[in-house]
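K.L.:
Turn this into a model:
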Amino acid sequence: MTTTTLAVLVPLLPFLGSAAGLLLGRTAPGFVRPLAVLPTLAAAVLAVLVAARQGGGKAIDAATQLTPTGSVPIDLSLHIDGFAALVAVLVGVVATCVQIYSTGYLRDDPRYPSYAALVSLFTSAMLVVVYSGDLMVLLVGWEIMGICSYFLVGHYWETPEARSASLKAFLVTKLGDVPFLIGLFALAVDAGTFRITGVLGAVASGGLDHPTVIALLLLAGVAGKSAQFPLHTWLPDAMAGPTPVSALIHAATMVAAGIYFTARLLPVFAASAAAMTVLAVMAALTMVGSALAALAQDDIKRVLAYSTIGQLGYMAGALAVGDRGAAVFHLLSHAAFKALLFLAAGAVIHAAGTNSLTAMSRMSGLAKRIPDAYWTMTVALLALAAIPPFAGFFSKEAVLVAAEHTALGERDVAPAGAGWIVLVAGLLTALLTAAYALRLWLRTFRGRGAEAPDHGRQPIAMTSVLWVLAIPTLGFGLTATYLDDWFDGNALTPTLTTAVLGTGLAAAGAVITYAVWRTLAARTPVTPLPHVAHPDAEAGQVEAEALHLPHPAEDPADPGRALLGPLHGPAADGFHLDAVYRTAFVRPVLAAASLVRFLDREVVDTYVSAAGNSAKGLGWLVRRAQTGNVQTYLSALLAGSVVLAIVAVALANAAAGA
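P.N.:
Sure, this is the predicted structure:
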C-alpha cells in the first residue's frame, strides 16, 4: 500500500467510526465502544507508518482537482512533511488515549454514544488540517472542529455553565474565523492558488502584494483557535465539558490547529516584520497574563486551562522569532504532559465522586487513594515546570534559545525586538509556571479540605492511559538531538545561558511558593469544608449548584493569594476581559437588537396593521350594504336610476347650450 493511500486512510478511519457509532448507538450499543476506540487506534498506527516512511525527508505531495472554480482552483491534496507526520502521530495517540479513558470515565453516561462519535469526528477533522495541502480543504477541517467543540463542551447541556461555555467557545472562535477567511481569500488571490506549496512558492518569489494585511487577518483566526490574547477567554470556560474532552482540545486538536497552521505558513508571516512583532507581543501578553491568572484559580481544571494558554504562548513566541521547529517541538512535548495532566485531573474528580469537586480548596487525602494519578500528575507537573530531564524542559529551552538567537541578531527571520520580547516574557513565565504548578500539586495532594468518600479503585481503562502518557512526558525531550531532520534541521538542544536562567527561575518560583505555603499552613488552623455525596455523582454530570456545596472560602493558606497580593482579584477574574467584551460587544449588540425589535413592533407592524384594518373596514361597509331585503335593493336601484337620469338631462342641456 502506498504512503499516499495510508495517509488518506488516517483521517478517513475515525470519520467512518464516527458515522458508524452514530448509526449503531441506539440499535447496537455493544458496538459503540469498539467503534470509538478501534478506528482511532488504527489511524494512530497508520500515522506512525506514514511518519516512518516520510522519515523527516522530502515532503510527500499528491493532489487531484476537487472542483473547477473558474478562477483559483481548489485541490484535494496532501502535503506531508516532517511536521505533519509527527503532529498526525500526536493526534492519533492522544485521541486513542482519550477514547480508551472515556470508556471508564463516562461508562454510566447515557449520551456516551454521541460523545464518542463526536470525539472521533473531532479527531478526523484535526487530521484533515494536519495532512491537507490545500487551504480550502484545511478550512473544512478547521470549521468541523469548531462545531464539534460546541457540542462536546456543551455535553452536560442540563447545566447553564455548559450551555454558556459551548456558545461562548463557538462565538469567540468565529469572531476570529471571519477575518481568517478573508485572509485566506486575499492570500489565494495574491498567490493565485490555495495549494500550500504554491503559496510558499509565491512568498519565496516575492509574489505577495499585501503580506502585512494578509498576515494580520490570518493571525485573528489563529488567536481565536489557539486561545491567544485577546481571544483566549473561551478556553477556561470550556472546562464545563467532560474532562477527557478538555484533554483532547488542549493537547491534540483545536488549540493546536492555530499553532500548526502558523508553523506551516510561517514564511507568509515572516514576509512582514510588523506581523512578526504583533505576534511576539501577543505571545508575550498571553504567556505572562495566563500564568498570573493560573496562580489565582481555585478550580483545578481552570488552572490547567490557563496553563495551556500560556504554553501556547510559548509556541506562538517561537513562531514570532521565526523558529517553527521549536514551536512544533514544544507543541508535541506539551501535548503529552498536558493530556496527562487533564486525564489525571479527571481521575481526581472521579475519585472524589463528583464533577463539582474541582476546587482545590476542597481536596484532601487523595495521594494515597489514587496513587496512579498522584505519581503521573507529579511527573506531568515537573514537565510543565520545565524541570530537567522531563520533556517540557527541552522543548521550552528550544523556544528560549530561538528567542535568544533572534534577540542577539544571530537570526534575521524576525526583528531583534521580537526576540527580546519573547525572551523576557518566556523567562518571567518560567518562574510563574513553576509557582502555579507547585501550588496545584500542594493544594490537590496536600490540601486540607473535606475527604470525599472512597469510591474504590479507578477503572483500568483510566489508570493505564496515565502511565502510557507518562512515557513521552519523561522521555520525549531526550529525543531532541535525533529529530533535527524532522524540524528543518535546526538544533533543538539547550544552551548554557538559557538553561541556567530558565531552570534557575523555575526553581526560584517553586522554592518561594513552597516557603509561603509552609508559613501560611503553620499559621492557619485546619477547618475542613463539609463534603456532600450524591447518588449520581460518579456519572460526572452533577455541578456544585445541584449539590448545594458551599462556595470555596477565601483560603488563608493559599500561597497564590499571598504571592499575587492586590493582583489576586483581577487575576482570578481573568483581568476582567470578559467585562470588557460585554461592554464593547455584547451590550451594543443587545441594544441594537432592542432597537430593531422596537422598530419592527412599533413602525413596521403599524403599517401592516393599518393595511389590514383598512381592508377590514372596507369589507365591513360592503357587508352592511348587503341586507338581504329585496325592497331595499329595488329602492336603491330606482334611486340610482333617477340620479343617472338627472345627470344625463343636465349633461344634455349643457351640451345644447354650448
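
K.L.:
and the nearest residue in space to residue 323 that is not next to it in sequence, what is it in contact with?
P.N.:
Leaving aside its chain neighbours, residue 323 sits nearest to residue 402 (3.6 Å; criterion: Cβ to Cβ, 6 or more residues apart in numbering). (Each C-beta comes from the backbone N, C-alpha and C, glycine too.) With contacts defined as Cβ atoms under 8 Å, 6 or more residues apart in numbering, residue 402 is in contact with 318, 321, 322, 323, 326, 411, 490.

K.L.:
Tell me the one of those nearest residue 230?
P.N.:
residue 318 (20.4 Å; Cβ to Cβ).

K.L.:
Quick check, that closest one in contact with residue 333.
P.N.:
No. Residue 318 lies out of contact with residue 333 (Cβ atoms under 8 Å); the separation is 11.9 Å.

K.L.:
So for these two, which residue has more residues nearby?
P.N.:
residue 318 (33 against 28; other Cβ atoms under 10 Å).

K.L.:
check contacts around the more buried one.
P.N.:
For residue 318, the contacting residues are 324, 326, 327, 330, 398, 399, 402, 403, 422, by Cβ under 8 Å, 6+ apart.

K.L.:
Give the rounded mean pLDDT of the host helix or strand of the fifth one.
P.N.:
Taking DSSP states H and E as the criterion, the element that holds residue 398 is helix 391-407. Across helix 391-407, pLDDT averages out at 94.

K.L.:
from the contacts of residue 402, which is closest to residue 562?
P.N.:
Distance to residue 562, by Cβ to Cβ, is smallest for residue 318 among these, at 32.8 Å.

K.L.:
mind checking how far the closest one is from residue 110?
P.N.:
To residue 110, residue 318 is 43 Å away according to Cβ to Cβ, to the nearest Å.

K.L.:
picking that back up, a markdown table for the contacts of residue 318, including distance to residue 639?
P.N.:
Formatted as a markdown table, the contacts of residue 318 follow (distance: Cβ to Cβ, whole Å):
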| residue | distance to residue 639 |
| --- | --- |
| 324 | 97 |
| 326 | 102 |
| 327 | 96 |
| 330 | 99 |
| 398 | 105 |
| 399 | 101 |
| 402 | 103 |
| 403 | 102 |
| 422 | 98 |
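
K.L.:
pLDDT below threshold where in this structure?
P.N.:
Scanning the chain for pLDDT under 70 picks out 352-358, 364-365, 448-456, 481, 524-555, 658.

K.L.:
for it, what spans make up the strands?
P.N.:
60-67, 74-80 (DSSP state E).

K.L.:
what's the most buried one of those?
P.N.:
Scoring the strands of the chain by mean neighbour count under mean count of other Cβ atoms under 10 Å gives strand 74-80 as the most buried, with a mean of 21.

K.L.:
For the closest residue to residue 279 other than its chain neighbours, give its distance to residue 611.
P.N.:
Spatial nearest neighbour of residue 279, excluding adjacent residues (Cβ to Cβ, 6+ apart): residue 320 at 4.1 Å. Using Cβ to Cβ, residue 320 is found at 61 Å from residue 611.

K.L.:
what does residue 251 give?
P.N.:
Taking Cβ to Cβ, one finds residue 251 at 61 Å from residue 611.

K.L.:
and those two? which has more neighbours close in?
P.N.:
More crowded of residue 251 and residue 611, by other Cβ under 10 Å: residue 251, with 31 against 10.

K.L.:
Mind naming the longest helix for the chain?
P.N.:
helix 160-191 (DSSP state H).

K.L.:
how about residue 323, phi and psi?
P.N.:
Main-chain dihedrals, residue 323, degrees, to the nearest 10: phi -120, psi 90.

K.L.:
Was I right to think it contacts residue 491?
P.N.:
No. The pair residue 323 / residue 491 is not scored as a contact, 10.4 Å apart, by Cβ under 8 Å.

K.L.:
which of those two has more neighbours?
P.N.:
Ranked by neighbour count (other Cβ under 10 Å), residue 323 and residue 491 place residue 323 first, with 28 against 14.

K.L.:
Let me see the contact set for the more buried one.
P.N.:
Residue 323 sits in contact with 398, 399, 402, 405, 406, 411, 413, 490, where contact means Cβ under 8 Å, 6+ apart.

K.L.:
List of residues touching stretch 383-395?
P.N.:
Against stretch 383-395 from outside (Cβ under 8 Å, 6+ apart): 307, 311, 326, 329-330, 332-334, 336-338, 341, 379, 382, 396-397, 430, 433-434, 437-438, 472-478, 480, 492-494, 499, 502-503, 506, 509-510.

K.L.:
With stretch 459-471 instead?
P.N.:
Here stretch 459-471 has contacts from 94, 97, 100-101, 103-105, 107, 336-337, 339-340, 343-344, 346-347, 350, 372-373, 376, 379-380, using Cβ under 8 Å, 6+ apart.
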